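>>> Pasting the sequence and the predicted coordinates here, then a few questions.
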Amino acid sequence: MKKRSTFKVLFYLKRDKQKANGTIPLFCRITVDGQEVRFSMKYDVNPRIWDVKTSKATGRTADAGQINSLVDSTTAAIYKIYHEIQEKENYVTAEKIKNVFLGIEQRQQTLLELFDSHNKERKLYLGKTINRSTYSMYCRTRMYLADFLQCKYNVNDISVKEINKQFIGNFETYLLSEYNFSKNYLTGLLKKLRHIIQIALDNEWIYKNPFNEYKLQWERIDRGYLTQSEIEKLINAKFEEKTKEVARDIFIFCCFTGLAYIDVKNLSQENIQSSFNGSQWIRGKRIKCNTDYSIPLMNIPKTIIEKYKGQTSGNFLLPVKCVQWYNILLERIGKQCGIDKKITSHLARHTFATLTLTKGVSIESVSKMLGHTKISTTQIYAKVTTEKLDRDISAFGERMESSFKNTGT
């Protein structure tokens with residue numbers, strides 16, 4: 001639904017600018033939603049032939065005819081501009097109309113330039129408020145958009161004002177046809193584009209978000225987790241290579257804390273805090289989304305921290321290496337331990353979520369520990385296992401049997 005606005009065009013004589021010959025400059029005033037702009041028509045009018053009520057010249061002289069022709073043509077042009085802006089942008093200002101009419105060119109914010117400035121700024125916060133995988137996703141989205149613009153439109157860039165529902169659909173079709181991306185990876189790329197468009201909207205470079213009419217859809221997937229017996233295999237495994245041992249310890253630490261790779265990498269002594277009863281907790285803010293997490297420090301992760309005390313650089317608690325090498329080591333460790341699952345850094349977080357729920361920890365508590373803002377996010381990570389279902393049904397049966405006994409049936 002298009003936004004309606006009040007709109008008026010008025011012509012008047014600017015009497016405080018009267019010339020020596022008695023003529024007065026003719027001005028035009030455009031009003032949109034109570035906001036006014038004025039500009040000179042570059043034409044001087046004899047005030048004796050000007051009718052204030054009709055905003056036109058009176059009489060049949062050539063001068064009057066020329067003035068009225070100028071007023072009529074200007075009015076028609078301004079109304080045409082008004083309707084064109086209303087149709088394209090759904091947001092009209094008096095200043096915009098004036099600039100278009102006078103041919104004042106406004107520099108358009110372009111899509112790839114906006115991506116570049118955004119990515120440059122985000123790069124400054126790598127490892128602080130943004131992780132490398134998120135940053136890389138923005139860079140890849142920018143790269144795919146550049147290729148798409150060349151392939152589809154034969155241009156190097158495009159104004160953000162030209163991004164509409166059809167453009168987004170064409171971009172998605174291009175990605176589907178050119179690359180073998182999963183549905184969720186594709187949606188992730190479009191989500192990064194949506195974020196850039198939101199920046200344009202916030203800065204009033206556009207006045208309508210095309211993503212309002214384009215819904216992003218995620219496929220529900222089985223994220224996987226390790227069972228308790230598989231975790232025990234990892235804990236009891238012996239490694240000749242020190243790098244494997246370190247990677248295993250970091251992974252086990254995450255299985256018992258639910259921390260993401262980037263949060264473990266930046267874990268410092270400041271994150272270890274004592275509660276009122278003397279128990280120790282890991283507390284901080286997630287680097288990915290700046291939300292609070294609060295996790296009790298259990299014996300196994302506490303032992304791992306003690307194991308590497310004095311072996312880390314700076315104030316960090318654990319010797320976490322780059323995520324690419326870490327994931328390679330985890331894959332090798334899984335094979336060595338006979339675990340037929342793809343072990344990655346994030347699998348530990350899924351494992352923590354699943355096993356804590358399996359052991360009866362409430363989903364609200366798990367959500368708090370993981371640093372989620374919505375319970376629905378925790379439900380995606382965590383998977384209710386057969387073990388938990390069996391236990392819940394057994395408990396339900398016992399309660400029902402007890403109730404029946406108490407009633408004497």
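That came through, no problem.

>>> Quick check, R140 in contact with L189.
Yes. Counting by C-beta atoms under 8 Å, L189 is a contact partner of R140 at 7.0 Å. From N, CA and C alone the C-beta is placed, and that goes for glycine too.

>>> Comparing the two, which residue is more hemmed in?
More neighbours sit around L189 than around the other of R140 and L189, counting by other C-beta atoms under 10 Å; the figures are 21 against 14.

>>> contacting residues around that one?
With contacts defined as C-beta atoms under 8 Å, 6 or more residues apart in numbering, the neighbours of L189 are M137, R140, T141, Y144, L175, F181.

>>> and the first one, which of the three is it?
This points to M137. Per DSSP: H, G, I helix; E, B strand; the rest coil, the secondary structure class of M137 is helix.

>>> pLDDT score for it?
As summarised for this prediction, M137 has a pLDDT of 92.

>>> That one: neighbouring residues, count only.
Burial of M137, expressed as a neighbour count using other C-beta under 10 Å, amounts to 16.

>>> Next, the residue lying closest to it once chain neighbours are set aside: secondary structure please.
If the residues on either side of it in the chain are set aside, M137 comes closest to K192, at 5.7 Å by C-beta to C-beta, 6 or more residues apart in numbering. Assigned state for K192: helix (three-state reduction, three-state DSSP).

>>> quick one, what contacts K192?
Neighbours of K192 in contact, by C-beta under 8 Å, 6+ apart: M137, Y138, T141.

>>> Show the pLDDT at it.
Residue-level pLDDT assigned to K192 equals 95.

>>> How much space separates it from A260?
Here the criterion is C-beta to C-beta, to the nearest Å. By it, K192 lies 19 Å from A260.

>>> Mind jotting down where the strands sit in the stretch 201-350 of the chain?
Ranges of strands within the stretch 201-350 of the chain are 272-274, 280-285, 292-296, based on DSSP state E, counting those that start in this stretch.

>>> and of the contacts of L189, the nearest to K335?
Within those, proximity to K335 (C-beta to C-beta) peaks at F181, which comes in at 27.2 Å.

>>> What is the burial count for the closest one?
F181 sits with 14 neighbouring residues when counted by other C-beta under 10 Å.

>>> Please, which helix or strand holds it?
In this structure, F181 is located outside every helix and strand according to DSSP states H and E.

>>> which two in the contacts of L189 are spaced the farthest apart?
Within those, two members stand farthest from each other by C-beta to C-beta: M137 and L175, at 13.3 Å.

>>> got any ranges where the chain has weak pLDDT?
Low-confidence regions of the chain, defined here as pLDDT under 70, cover residues 1-5, 89-90, 105-107, 127-128, 219-223, 377, 380-409.

>>> Show the subsequent helix or strand relative to the lengthiest helix in it.
The helix that spans the most residues within the chain, counting by DSSP state H, is helix 62-89. The element immediately downstream of helix 62-89 (helix or strand, assigned by DSSP H and E) is helix 94-102.

>>> what's near enough to touch G65?
Neighbour list for G65: A57 [criterion: C-beta under 8 Å, 6+ apart].

>>> how near is it to S55?
Taking C-beta to C-beta as the criterion, G65 is separated from S55 by 15 Å.

>>> what domains does the record give for this structure?
Listed domain ranges for the chain are 7-102, 111-213, 228-391 (source: automatic domain parsing).

>>> and stretch 144-158, which residues are buried?
Y144, L145, F148, L149, D157, I158 (16 or more other C-beta atoms under 10 Å).

>>> element containing the spatially most central residue of the chain, please.
The centroid of the chain falls nearest to H195 when counting by C-alpha atoms, centre = their mean (4.0 Å). For H195, the enclosing helix or strand under DSSP H and E is helix 183-202.

>>> same check, this time on K8
With DSSP H and E as the test, K8 turns up in strand 7-13.

>>> and the next element down the chain from that strand?
Once strand 7-13 ends, the next helix or strand along the chain (criterion: DSSP H and E) is strand 24-32.

>>> Can you give the distance of that next one from its chain's centre?
For strand 24-32, the distance between its averaged C-alpha position and the chain's averaged C-alpha position is 44 Å (C-alpha atoms, centre = their mean, to the nearest Å).

>>> Let me see the contact set for the closest residue to S345 other than its chain neighbours.
In this structure, S345 finds its nearest non-sequential neighbour in Y261, 4.2 Å apart by C-beta to C-beta, 6+ apart. Y261 sits next to N131, C254, V320, V323, Y326, S345, H346 when contact means C-beta under 8 Å, 6+ apart.

>>> Export these as TSV, with columns for neighbour count and distance to E87.
Listed next are the contacts of Y261 as TSV, based on neighbours: other C-beta atoms under 10 Å; distance: C-beta to C-beta, whole Å:
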residue	neighbour count	distance to E87
N131	22	42
C254	24	53
V320	23	54
V323	17	48
Y326	21	53
S345	22	50
H346	17	46
